[in-house]
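K.L.:
Return atomic coordinates for the entry below.
(one chain, ligands or ions: 2)
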Amino acid sequence: MSSHLFANISSLVTNDASHERGALGVIDNAAVVVEDGRIAWVGEVAQAPDADSSTDLDHRAVLPGFVESHSHLIFAGDRSHDFAARMEGTKYSAGGIRYTIEQTRAASPEQLENNARKLLDEYARSGSTTVEIKTGYGQSAESELTGIQVASSCSDEATLLAAHVAPPEYADKHDEYVQMVVDRMIPECAPHAKWIDVFCEKGAFTEDESRTVLKAGMEHGLIPRVHGNQLTYGAGVQLAVELGAASVDHVVYLSDADVDALANSSTVATVLPGADFSTRNDYPNARRLIDAGATVALGADCNPGTSFTTSIPFCIALAVRDLHMSPDEAVWAATAGGAAALQRTDIGSLTVGARANFIALDAPNHLHLAYRPGVDLISGVWRDGASLYERRSA
Ligand SMILES: N=CN[C@@H](CCC(=O)O)C(=O)O
Ligand SMILES: [Zn+2]
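P.N.:
Ligands and ions are numbered 1, 2, ... in the order given. Have a look, this model is predicted:
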């Protein structure tokens, strides 16, 4: 087994609190040794062991690859007109999803896969080394099956978003749609999925409908996650906590009881400020969640309707500027927080035994991710110790 040393790291975020400087466990003047795709050693470069080969990172900062726990990459078509209308004052509503359903149903599996892979490549170039992928723009048994097959061929984190919005043919027959999801869609799609998700929201699915879908998914071995409290106060958070969901995502409109429930549960609260930015929605109060003791993850939520970005660095900048997270909290939420939301212990941190998924920044430390908004600082990305992306020098 050969070892590779990554040397001369100006500042290394490990997310191992046993090192200095809080939850991020930052080591200055650091080095990392990788063996067989896993982290074999981390510490100060002066103490680094010999290795078979090495890379000089030339005083760049290194941090774990971003863990994107919320994306909708299985779709076809464009909603830029929708975005333009919102910027002129039209309010976002769940109904816009139906436009993408029409386009997605008309696309071939190859077209869907090519689009998803193109976006995954964008994610990788901006530092994401793990990306969860949801279906949700098929909303028929056939189209969701295609979607989940494509999602699972692109990611280990495939989510069946069986109930995103009732498709046009079921617009006035929600109960029949939910029945079809339970009787057909879930049994046929479950072998290809890890997660079951619902959009529990005004204009999408009610609390009871959402509970029915999530429980049916759980009976087929899927782990629940919920879109909740994005556009209105509602039942999403409480339902997620009741069912022990891995995560409840968006969490913009929260009562005190919602914050309390999250703080006293293992359900991660995932903030997706790209969606709030692109819909001119209010931002979630991440400060309130963190101060109460909830675990907060941060994602980009790439989708054609509300957040057509794959840039976690952009979302870190938003989280710091507008969600009042500290730069350390935002970086933790986009790495270890995302891993918690996906119930993964092998990613999101750079500790011995973890997957060697990491990013080098053209910057002396991770603070620059928020300090230099809109600037592409990613100079290299590695997954399982192998180079995934390297910026070409000029
Ligand atoms: N909120 C629900 N689903 C997506 C948006 C879907 C769309 O408008 O196409 C989201 O996460 O923001
Ligand atoms: Zn979503």
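
K.L.:
Output the set of residues of the stretch 101-250 of the chain in proximity to ligand 1.
P.N.:
199, 227, 230 (Cβ under 6 Å from any ligand atom). (Glycine included, C-beta is placed from N, CA and C.)

K.L.:
Doesn't the second one belong to a strand?
P.N.:
Yes - counting by DSSP: H, G, I helix; E, B strand; the rest coil, residue 227 is located in a strand.

K.L.:
That one against residue 198, yeah?
P.N.:
Yes - if you go by Cβ atoms under 8 Å, residue 227 and residue 198 touch, sitting 6.8 Å apart.

K.L.:
tally of neighbours for residue 227?
P.N.:
Around residue 227 there are 31 other residues, counting by other Cβ atoms under 10 Å.

K.L.:
check contacts around it.
P.N.:
Neighbour list for residue 227: 161, 197, 198, 199, 200, 201, 204, 236, 248, 249, 250 [criterion: Cβ atoms under 8 Å, 6 or more residues apart in numbering].

K.L.:
Give me the pLDDT value at it.
P.N.:
Residue 227 is assigned 98 on the pLDDT scale.

K.L.:
ok so, going back, so what sits against both of residue 227 and residue 198?
P.N.:
Going by Cβ under 8 Å, 6+ apart, residues that sit against residue 227 and also against residue 198 are 161, 204.

K.L.:
Leaving out sequence neighbours, find the closest residue to residue 243.
P.N.:
Excluding the flanking residues, the one nearest residue 243 by Cβ to Cβ, 6 or more residues apart in numbering is residue 224, at 5.1 Å.

K.L.:
What strand or helix carries the one you found?
P.N.:
Using DSSP states H and E, residue 224 falls within strand 223-228.

K.L.:
before we move on, the earlier item: how confident is the prediction for the residue nearest to residue 243, by pLDDT?
P.N.:
Predicted confidence (pLDDT) for residue 224: 98.

K.L.:
can I assume it is in contact with residue 248?
P.N.:
No - using Cβ under 8 Å, residue 224 makes no contact with residue 248, being 9.5 Å away.

K.L.:
and the closest residue to residue 136 other than its chain neighbours, what does it touch?
P.N.:
Among residues not flanking residue 136 along the chain, residue 161 sits closest, at 3.2 Å (Cβ to Cβ, 6+ apart). Residues near residue 161 by Cβ under 8 Å, 6+ apart: 72, 134, 135, 136, 197, 198, 199, 227.
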